[in-house]
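1. Build the 3D model from these lines:
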Amino acid sequence: MMNNLSPKDVESRGVGGLLPPSNSISAAIPSKTAWFLCFIFGSIPLLFPALWNGFAIVFFDTGGYLDRVIEMTIYPGRSFLYGLFLWVTSLGWLFFWGPILIQSFLCLWVIHLTLRCHNIPAGPLATAISCLGLSLLTGISWYTSQLMPDILVPIVILALWLLSFSWKNLRLSERAGLLATASLGMMSHNSCLALGIGLIPTLFILRIIIYRKNRPLSTFILPPVVAVAISLALIPMMNLSLSGKITYSSGGPSFLFARFLQAGIAQQWLADNCPIANMRLCALQKRLPKTADEFLWSRNSPFQDLGSWKGNTGNSEYEEVVFESIKDYPDEVLWASFQATFEQFMMVKTGDGLDNYQDYTRKVFSKLSPEIAQSFKSAHQQQQEITQKLFDILNVVHIPLAYLSVLGLIVVIGWGLREKRHDFVGLALYVFIALLGNAFICGALSSPFDRYQSRIIWLATLVVSMAAVCHWHRPLEQQN
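-> Below you'll find the predicted structure:
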């Protein structure tokens, strides 16, 4: 079904009167002009939080990404490549609208390709309306508008899907662009890389299932594998050039120990096994906080006594506690992982941490040019005018719609099986598994926070909306 129409056919036609065919809309508008207008009117809603703010939205971690390029160093959880992306797209810290303009374009582009490759109207008007709808009903715009790699996670999810299940429907330039974009996203944060690795077997299984059900639907597993392989190869090379060490993340043991600490497992193991020769955690166990956040970021945490992030001398102890805890308490570890995954899966609030003071990022921006520093300080966010009350209002819509969208994925799977739209069956399953995988990686292996799930939950809304268009209107092929 998908392969019967060329990209231009899908872009230029409407569905059952919902949208006029793109060629009728733009009869008096050249194609390039129509797409330029699409970018403008599609990007405005994706950038609305930043436009209202008067500056790109920042998070506490933003300063860490900027510092990677300023200091030319690596740091746990702060990708040098994303810092480099910010430096290049901001023209060397001169124009911080650049990064979020690029992020909004990438988001608009993969949405357009997803619509087009699933036989949905994907012309300039349809793409712009899709971006507007998602911006009004979900938290997507708070991530496209933010100087953080969070928006790259859902972009990578869609890019890997398109590279596998829509390879033949993509132009050469689109294939290259998706490969580059997916690699950028996975190299920008280790959680995104872990999710990308986990989605490869998912794509392979879906390929087997869908191919048996719908042989004309061509699928390829090699392109997404190449994207993951590029990331796996370049990250240690980049870190080697900066630090002289081949590493993916020097902070892995710290994050895992903090997660076990929050679950109470680390304290239990230390209580059962201390004293142990040469283990400093035994002497510090009474000072261990109850949450991962306090342990990793509090100035009075025992984490500071063990070297913190720079010159961290506690990694071997963290690794020992984690591995020994898994051996001694496998049931507790499994149950804690399940609880954290479920908790993370349900945490979808928009605005997590954006109303905080962002002390570290403020310090970093003060190092930049006086003009940028002043523009940054004048923004609503730095004037503490972005408050929890604002997000409480938004979440009246965002939270229930997020839950309904996840349930809607199950409905889409049933509908797709009945209507023999196996491309939708695969896409809905894929997004659901991506949501679960993200919840496990961020919840069970780190600590649950709303922004981790909120940043990708709009994918479910997109898929359900696409299926609704197909259900309530005649397929494009029937309009000849």
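2. residues touching M346, list them.
-> Applying CB atoms under 8 Å, 6 or more residues apart in numbering, one finds that M346 lies in contact with Q453. C-beta coordinates here come from the backbone N, C-alpha and C atoms, glycine included.
3. And the pLDDT at it?
-> In the predicted model, M346 carries a pLDDT score of 97.
4. One more: N312?
-> Note for N312: predicted pLDDT of 62.
5. and the closest residue in space to G408 that isn't next to it in sequence, how many neighbours?
-> Taking CB to CB, 6 or more residues apart in numbering, and ignoring the residues beside it in sequence, G408 has V464 as its nearest neighbour in space, at 3.7 Å. In terms of burial, V464 registers 21 neighbours under the definition other CB atoms under 10 Å.
6. For V464, grab phi and psi.
-> V464 adopts backbone torsions of phi -60, psi -40, taken as degrees, to the nearest 10.
7. contacting residues around L234?
-> So L234 contacts 183, 187 (CB under 8 Å, 6+ apart).
8. Please state the backbone phi and psi of it?
-> The phi/psi pair for L234 (degrees, to the nearest 10) is phi -80, psi -30.
9. Roughly how far does it sit from A176?
-> 16 Å (CB to CB, to the nearest Å).
10. same question, M148
-> 25 Å.
11. ok, now A159?
-> Between A159 and A176 the distance, using CB to CB, works out to 12 Å.
12. Give me the more crowded residue out of these two.
-> For the pair A159 and A176, the greater number of neighbours falls to A159 (30 against 11), based on other CB under 10 Å.
13. Now do the contacts for the more buried one.
-> Contacts were defined as CB under 8 Å, 6+ apart; by that measure A159 touches 110, 178-179, 181-182, 185, 227.
14. Among the residues you listed, which lie within helices?
-> 110, 178-179, 181-182, 185, 227 (DSSP state H).
15. Give me the buried subset of these.
-> Under a neighbour-count criterion of 16 or more other CB atoms under 10 Å, the subset of the ones in helices among the contacts of A159 counted as buried comprises 110, 178-179, 181-182, 185, 227.
16. Turn the residues you listed into JSON lines, columns for pLDDT and distance to C470.
-> Converted to JSON lines, these look like this (pLDDT from 0 to 100; distance: CB to CB, whole Å):
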{"residue": "V110", "pLDDT": "97", "distance to C470": "19"}
{"residue": "L178", "pLDDT": "97", "distance to C470": "23"}
{"residue": "L179", "pLDDT": "97", "distance to C470": "28"}
{"residue": "T181", "pLDDT": "97", "distance to C470": "26"}
{"residue": "A182", "pLDDT": "97", "distance to C470": "26"}
{"residue": "G185", "pLDDT": "96", "distance to C470": "28"}
{"residue": "A227", "pLDDT": "96", "distance to C470": "28"}
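17. Next up, the contacts around S446.
-> S446 sits in contact with 191, 255, 258-259, 292, 452, where contact means CB under 8 Å, 6+ apart.
18. and those, which are buried?
-> Those of these that meet the buried threshold are 191, 255, 258-259, 292, 452, by 16+ other CB under 10 Å.
19. Show me where this structure has its strands.
-> Here the chain has no strands by DSSP state E.
20. which residue is nearest the middle of it?
-> Computing the C-alpha centroid of the chain and ranking residues by CA atoms, centre = their mean puts V153 first, at 2.2 Å.
21. got the phi/psi numbers for P289?
-> P289 adopts backbone torsions of phi -70, psi 170, taken as degrees, to the nearest 10.
22. Who are the contact partners of it?
-> P289 makes contact with 261, 295, 298, 301, according to CB under 8 Å, 6+ apart.
23. Which two of these have the greatest separation?
-> Between any two of those, the greatest separation by CB to CB is 12.1 Å, found for L261 and S298.
24. Would you show me how to pick out the buried ones of the contacts of P289 in ChimeraX?
-> Remark: buried members of those, expressed as a ChimeraX selection using 16+ other CB under 10 Å:
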select :261,295,301
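25. if we take the contacts of S446, which one ends up nearest to I129?
-> Using CB to CB as the measure, the one of those that approaches I129 most closely is Y452, at 28.3 Å.
26. Ignoring the adjacent residues along the chain, who's closest to V225?
-> Nearest residue to V225 in three dimensions, chain neighbours excluded: I200, at 6.0 Å (CB to CB, 6+ apart).
27. Enumerate every residue touching the one you found.
-> The contact partners of I200, taken as CB under 8 Å, 6+ apart, are 160, 221, 224-225, 228.
28. got the buried residues for stretch 41-57?
-> 41-51, 53, 55-57.
29. Check the offset of it from the chain's centre.
-> For stretch 41-57, the separation from the chain centroid amounts to 18 Å (computed by CA atoms, centre = their mean, to the nearest Å).
30. I'd assumed L409 was in contact with A428.
-> Yes: between A428 and L409 a contact is recorded at 4.5 Å, counting by CB atoms under 8 Å.
31. what's the overlap in contacts for these two?
-> Taking CB under 8 Å, 6+ apart as the contact definition, A428 and L409 share the neighbouring residues V463.
32. Which one of those two is surrounded by more residues?
-> When neighbours are counted by other CB under 10 Å, A428 comes out ahead of the other of A428 and L409, with 25 against 22.
33. Appreciated, that's everything.
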